[in-house]
Each structure stands twice: as structure tokens, then as C-alpha cells.
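Fold the following, please.
(one chain, ligands or ions: 1)
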Amino acid sequence: MIEIKDLTVKYLRQDDFVLALERINIEIPAGQIYTFIGPSGCGKSTLLYVLSGIIKDYTGRVLINSQPVDPKKQRIGMIMQNYGLMPWRNVYQNVVLGTKIKDGQRRLDEYGQYILEQLGIDHLLDRYPKELSGGQQQRVAIARSFILKPDLLLMDEPFSALDAISREEMQELFLDTWKQHNVTTAFITHSVDEALYLGSKIVVLSPAPGTILEVIDNPCFKMEDMRLQDDYYDMSARIRKVLDKGR
Ligand SMILES: Nc1ncnc2c1ncn2[C@@H]1O[C@H](COP(=O)(O)OP(=O)(O)OP(=O)(O)O)[C@@H](O)[C@H]1O
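This next block holds a predicted model:
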């Protein structure tokens, strides 16, 4: 469970402050995936930096499983737009990196092997990141995070660099993998379609400084052929309306 209470974040810039997030209140129950959508610069990445422990200077309260954020104690997986792979390590070395740092475990166990198979990258273990397509690199980043068995998974527009077809494939693959492990997840996106496909709830943020405009229940989550359903069109219109109202 993630609890965020009255979170406000300011960046110091020259002699002034930039208010990035203002009084954010939200709880993400254990095993849920929430998507966060909002205009550019509204503080989405800032929120993930707070949840990952990168930003420590904030006011308010942020708890992961009732404990203050501490990446040394908690297992936090992060998947970014640029994949975050180490170019000088091959696929195998990249996917075991998280467990090596956390547990000193340098070898893949049965679960790790299973994740690699599920993501279809078990035949690529000797390759280096530059020898992989964007979609394959993103699969490696996802494998690394799942293999870590995280308490919290943070995803910052992980599929936005992919073409439309690879992006939908990756969304489906990610959701299939996610459904089997139900990791508590905060997923940042610019895309209404992605927010609807991946979020059990959708958190809509206002332009900077980011505040929560609405937390929307998503009937489209886990819906078969979502993009062909009336609910999908109704929900897309509703989210766009909330985003427009916030402008
Ligand atoms: N290191 C920094 N110093 C000063 N201001 C910053 C810094 N990082 C971010 N900001 C400002 O804080 C605000 C929120 O930035 P953030 O990157 O969190 O937004 P975002 O919603 O993720 O944007 P985008 O969708 O464009 O990636 C923006 O106004 C940005 O200019």
C-alpha cells in the first residue's frame, strides 16, 4: 500500500522556488496499478522521484507499506522511457543487476528464467543493449524489475519511445506479466488510451503545479477487446474533459 498525504514538492532554481506538486493526497492499495495522466510539466516524474527515494526534500508524508520511503530497505523497481540499461553489460548481466545489488544473488533462479521466457527474451542473454530493438530493450528493463520482486513498481512513460504496434504489444505483454504478480504499480503516461488500458484507477493531474483533479474508477481495466467497447469511448471522452477543465 502506498500512502501519499499532503505531498508538496518545490525545486530550488536560482534564488527562487518552482512549485512542482501541491498537496497531493492519494492511496494506492497493495496489488493495484494506478495510471497517472496530466499535461507536460505537471510533476508526474517528480512524483515518481519522490516514491523512488531520489527526491527527499518535500513536505507531507509518503509511506510504502507503512514505512517512510527508503530504497535501501524497500524493493523499488523503476522502468523509464530510455530503458535504463547498462550499455556495457549484456542482457543476462542487466537482468540480474537488481537482485545482485539487493541480495547478492548473481544467478537467475527458476522464477527469473520463467520471467525471461514469458517476456520472450530468454534467447537474447548474450546480447548487449545496442544489439537489441527498442521493444527488446524495454522487455529487458521489465524483466529486471519483475525479477527483483519489488514492493513497488514505478513506470515513467516506459513505452512512449516505441512505434504504435510495438507499444500495444508491450502494453499487453506487460499487463499479462503484471496480472500474474500483482505488484503495486504507479504508471505515468501522456496517453489516454494507455491510461485506460493499464490502470485500475486513473489519476488525472492539473497543469503545473500538479494537483489531483480527479481519481477515476476504470471499468475498462482488464476488459476483453477494450478498444472496441462503448465504455472505452465514453471513458476517453470523460478523461479528456477532466484534462480540459484543468487547463
Ligand atoms: N531539477 C529541477 N529544477 C527546477 N525545476 C524543475 C526540475 N525538475 C523539474 N522541474 C520543474 O518541475 C515541474 C515538474 O516537472 P516534471 O518533470 O516532474 O513534470 P512531468 O509532468 O513529468 O513533465 P513531462 O510530462 O514533460 O515529462 C516542471 O515545471 C519542471 O520544469
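
Who does the nearest residue to Cys42 once chain neighbours are set aside form a beta bridge with?
Distances taken as Cβ to Cβ, 6 or more residues apart in numbering place Gly210 nearest to Cys42, at 4.0 Å, with adjacent residues excluded. Using the backbone N, CA and C atoms, a C-beta is placed for each residue, glycine as well. Listed by DSSP bridges, the beta-bridge partners for Gly210 are Leu21.

Excluding sequence neighbours, find me the nearest residue to Pro71.
According to Cβ to Cβ, 6+ apart, the nearest residue to Pro71 is Gly53 (4.1 Å).

would Ala143 count as being in a helix?
Yes. Ala143 sits within a helix when classified using DSSP: H, G, I helix; E, B strand; the rest coil.

Surely it touches Ile121?
Yes. Between Ala143 and Ile121 there is a contact under Cβ atoms under 8 Å: 6.2 Å.

Any residues of this protein in contact with the ligand? List them.
11, 13, 18, 20, 40-46, 208 (Cβ under 6 Å from any ligand atom).

thinking again about what came up before, looking at Ala143 and Ile121, which one has more neighbours?
Ala143 (26 against 21; other Cβ atoms under 10 Å).

ok, now how distant is that one from Ile55?
Taken as Cβ to Cβ, to the nearest Å, the spacing of Ala143 relative to Ile55 amounts to 27 Å.

related to what we said a few turns ago, spell out which residues sit in contact with the residue nearest to Pro71, please.
Counting by Cβ atoms under 8 Å, 6 or more residues apart in numbering, Gly53 touches 69-71, 76.

Let me see the domain layout of this structure.
Following automatic domain parsing, the chain resolves into domains at 2-74+153-245, 84-150.

and the residue most central in space within the chain, what are its phi and psi?
Residue closest to the average C-alpha location in the chain (Cα atoms, centre = their mean): Met155, at 1.7 Å. With angles defined as degrees, to the nearest 10, Met155 sits at phi -130, psi 120.

List the beta-bridge partners for it.
Counting by DSSP bridges, Met155 forms beta bridges with Ile79, Phe187.

Hmm, Thr184 and it touching each other?
No. Between Met155 and Thr184 there is no contact under Cβ under 8 Å: 11.8 Å.

Would you mind giving the secondary structure of Asn94?
From three-state DSSP, the assignment for Asn94 is helix.

ok, for it, nearest residue in space, not its chain neighbours?
For Asn94, the closest residue by Cβ to Cβ, 6+ apart turns out to be Leu85, at 5.1 Å.

Count residues in the vicinity of that neighbour, would you?
Leu85 has 23 nearby residues by other Cβ under 10 Å.

so who does it touch?
Leu85 neighbours (Cβ under 8 Å, 6+ apart): 94, 129, 137, 140-141.

mind redoing it with 10 Å?
91, 93-95, 97, 128-130, 132, 137-138, 140-141, 144 (Cβ atoms under 10 Å, 6 or more residues apart in numbering).

try Gln229
219-220, 223, 235.

packing partners for the longest helix seen in the chain?
For the chain, the longest helix by residue count, based on DSSP state H, is helix 164-181. Judged by 3 or more Cβ pairs under 10 Å, 6 or more residues apart in numbering; DSSP states H and E, helix 164-181 is in contact with strand 33-37, helix 110-118, helix 134-147, strand 152-156, strand 184-189, helix 192-198.

Is it possible to get JSON lines of these that adds mean pLDDT?
Output for the helices and strands packed on helix 164-181, formatted as JSON lines (pLDDT from 0 to 100):
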{"stretch": "strand 33-37", "mean pLDDT": "97"}
{"stretch": "helix 110-118", "mean pLDDT": "90"}
{"stretch": "helix 134-147", "mean pLDDT": "90"}
{"stretch": "strand 152-156", "mean pLDDT": "95"}
{"stretch": "strand 184-189", "mean pLDDT": "96"}
{"stretch": "helix 192-198", "mean pLDDT": "96"}
